[in-house]
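In: no sequence on this one, just coordinates:
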DNA sequence: CGGATGCTTGATCAATTTCAAGAGGGGTGG
DNA sequence: CCACCCCTCTTGAAATTGATCAAGCATCCG
């Protein structure tokens, strides 16, 4: 725990005012990819850039959903809890991912930073107005939601039907592919989240996650490197292991 | 298996031509709820109504996604398979539900009828054009996708973290609530799907599903009635059982 | 009736969890 | 700078939930 809460909102609009979106490194990945320069300017008017330390709760399940967010740097996790504390992480968000969609004006899940993060905040009312005005953005958001839905279905298959080993291999593949889409190299995969987070994402315990990593290491499928990196020795093999083939 | 395939497409446009949407019983639940009379007429021009017997595969994972569907009667299931045949049902669809959203022009899951069903078919190209023209419909579709996303996250919590008993109770509650939203009575719940389907939806085996039903019956939480109906004796109790509280 | 299919029940098995303890690593304070 | 503490990760042993294997039973249909 840091000596004081670095996780509070810090307004970076001093920089944002100049050109918050034009230079955005993840623009092509997210909802803003659909927009022209002038439209980007309008979007920039309503957004606020904030930073948070690792482990900061951005919002909790049930909170009124007044803000939409776009991750521009760092990793986030979304999760739901049962009354007795059991936790399911429903997704990890990387730069370019969107969060804050709500059903009945409250968030359906909690959101917390895994690493230090930078976020764009969009007030929902103003964002709704803008979506009305720019159907292209609306369509882009819809397409992103469709992708998320497909990912959610993959995750259901994983949670309901895969073994611990298949789950871990699927997880590593997913991280690798997402890194690649963001222009990073696919192979040593950066795994910034804890064993406990991985466990709660895959429906396992931390012990099983740890044991499975050791097992994959022992059978020369992966190596654990410095700095939370995982080296995958054979991409095709891990792909097969991920589906039990 | 019926002696010949009753599951083939049968065009009911003889009826549909008259007033396919105006009298539609599920209009208020689905994407069409957003539309005015004139817009409905335009939608009716591009749709085709089809019926299928129980057990008919509408499309398979990986097929080119050329059609969107709306369920107007009956129950459908969506599922994904692993190479060795393990199956995860990602959702059951009831009247008013939508299916066929795709990511990269192919379906991300297979769709099969559980009971006899009636579907509205929308050619994707023409539907896209109409969505362009009617932003209200676009927004309605987006809102439906958001709801599905929230449901998918609930299902991840169920698959990853709930016990067999909690899963079955959650399942019964879900069916009860969805029936209620459709104007049916919430309590004897109609459960048209097989034990095998329930198992593949909840990440269990048929044996465990069967045993859990027996256990709930023995402990007087539910009764199994004629015609695939389940009587829930205490709604509050089953709600608590569904979350382990 | 006969056969098929789906559902239930029983007995055993195994994957994963739970319980327990120790090792590694980073930061803090003496 | 070192010692300590805390936290995460790993490893081991035992326990348990749900899976697997194996019959019966019921129901539906021809």
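Out: Sure, I can see it. On a predicted model such as this, the values are computed, not experimentally measured, just so you know.

In: how about residue A:204, nearest residue that isn't a chain neighbour?
Out: Spatial nearest neighbour of residue A:204, chain neighbours left out: residue A:164 (5.8 Å); criterion: CB to CB, 6 or more residues apart in numbering or on different chains. Just so you know, the C-beta spots here come from the backbone N, C-alpha and C atoms, and that holds for glycine as well.

In: er, residue A:153 actually
Out: Using CB to CB, 6+ apart and skipping the chain neighbours, the partner closest in space to residue A:153 is residue B:90 (4.5 Å).

In: still on that earlier bit, isn't the residue nearest to residue A:204 right up against residue A:212?
Out: Yes: with contact defined as CB atoms under 8 Å, residue A:164 reaches residue A:212; the gap is 5.1 Å.

In: okay, the two: which has more neighbours?
Out: residue A:212 (21 against 17; other CB atoms under 10 Å in any protein chain shown).

In: now the residue nearest to residue A:204: how far from residue A:73?
Out: 32 Å (CB to CB, to the nearest Å).

In: could you do residue A:154 as well?
Out: Counting by CB to CB, the gap from residue A:154 to residue A:73 is 25 Å.

In: count the neighbours of residue A:40 for me.
Out: Close neighbours of residue A:40, defined as other CB under 10 Å, add up to 18.

In: where does residue A:152 sit: helix, strand or coil?
Out: Put simply, residue A:152 is helix when judged by DSSP: H, G, I helix; E, B strand; the rest coil.

In: burial measure for it, as a count.
Out: The burial count assigned to residue A:152 is 20, neighbours taken as other CB under 10 Å.

In: look at the closest residue to it other than its chain neighbours and report its pLDDT.
Out: With sequence-adjacent residues excluded and distances taken as CB to CB, 6+ apart, residue A:152 is closest to residue B:152, at 3.7 Å. Per-residue pLDDT puts residue B:152 at 98.

In: show me the residues around residue B:152 that make contact.
Out: A:149, A:152, A:153, A:156, B:90, B:91 (CB atoms under 8 Å, 6 or more residues apart in numbering or on different chains).

In: roughly how far apart are the most centrally placed residue in chain A and residue A:63?
Out: What sits nearest the mean C-alpha location of chain A, by CA atoms, centre = their mean, is residue A:93, with 0.3 Å. Separation of residue A:93 from residue A:63 (CB to CB): 17 Å.

In: out of the contacts of residue B:152, which is nearest to residue B:133?
Out: Closest approach to residue B:133 among the contacts of residue B:152 (CB to CB): residue A:149, at 24.0 Å.

In: and the next element down the chain from whichever strand or helix holds the closest one?
Out: Secondary structure from DSSP states H and E places residue A:149 in helix A:135-161. The element immediately downstream of helix A:135-161 (helix or strand, assigned by DSSP H and E) is helix A:164-181.

In: how far does that next one sit from the chain's center?
Out: Taking CA atoms, centre = their mean, to the nearest Å, one finds the center of helix A:164-181 at 14 Å from the center of the full chain.

In: are that helix and DNA strand C in contact anywhere?
Out: Yes: interface with DNA strand C: helix A:164-181 contributes A:164, A:165 (CB under 7 Å from any atom of the strand).

In: contact partners of that helix?
Out: Applying CB under 8 Å, 6+ apart, the external contacts of helix A:164-181 come out as A:29, A:94, A:158-159, A:162, A:185-187, A:189-191, A:198, A:201-204, A:208-209, A:212-213, A:215-216, A:221-222, A:230, A:232, A:235, A:238-239, A:241-244.

In: for stretch A:207-221, buried residues please.
Out: A:208, A:209, A:212, A:213, A:216, A:221 (16 or more other CB atoms under 10 Å in any protein chain shown).

In: and the first one, what does it touch?
Out: Contacts were defined as CB under 8 Å, 6+ apart; by that measure residue A:208 touches A:164, A:199.

In: next: the fifth one.
Out: Going by CB under 8 Å, 6+ apart, residue A:216 touches A:165, A:168, A:169, A:222.

In: assign it to helix, strand or coil.
Out: Under three-state DSSP, residue A:216 falls in the helix class.

In: domain assignment for chain A?
Out: Following the assignment in automatic domain parsing, chain A carries domains at A:10-155, A:162-243.

In: tell me if the first one is near DNA strand C.
Out: I take that to be domain A:10-155. No: on the criterion CB under 7 Å from any atom of the strand, domain A:10-155 is out of touch with DNA strand C, staying 8.5 Å away.

In: what about the strands in chain A?
Out: Ranges of strands in chain A, per DSSP state E, are A:10-11, A:48-52, A:57-59, A:67-73, A:76-81, A:87-93, A:98-99, A:110-113, A:117-123, A:189-190, A:222-225, A:229-232.

In: can I get those strands in JSON lines with distance to residue B:68 and mean pLDDT?
Out: Output for the strands of chain A, formatted as JSON lines (distance: least, CB to CB, whole Å; pLDDT from 0 to 100):
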{"stretch": "strand A:10-11", "distance to residue B:68": "43", "mean pLDDT": "44"}
{"stretch": "strand A:48-52", "distance to residue B:68": "37", "mean pLDDT": "94"}
{"stretch": "strand A:57-59", "distance to residue B:68": "33", "mean pLDDT": "97"}
{"stretch": "strand A:67-73", "distance to residue B:68": "27", "mean pLDDT": "96"}
{"stretch": "strand A:76-81", "distance to residue B:68": "28", "mean pLDDT": "98"}
{"stretch": "strand A:87-93", "distance to residue B:68": "26", "mean pLDDT": "98"}
{"stretch": "strand A:98-99", "distance to residue B:68": "23", "mean pLDDT": "96"}
{"stretch": "strand A:110-113", "distance to residue B:68": "31", "mean pLDDT": "97"}
{"stretch": "strand A:117-123", "distance to residue B:68": "29", "mean pLDDT": "95"}
{"stretch": "strand A:189-190", "distance to residue B:68": "36", "mean pLDDT": "96"}
{"stretch": "strand A:222-225", "distance to residue B:68": "41", "mean pLDDT": "95"}
{"stretch": "strand A:229-232", "distance to residue B:68": "38", "mean pLDDT": "96"}
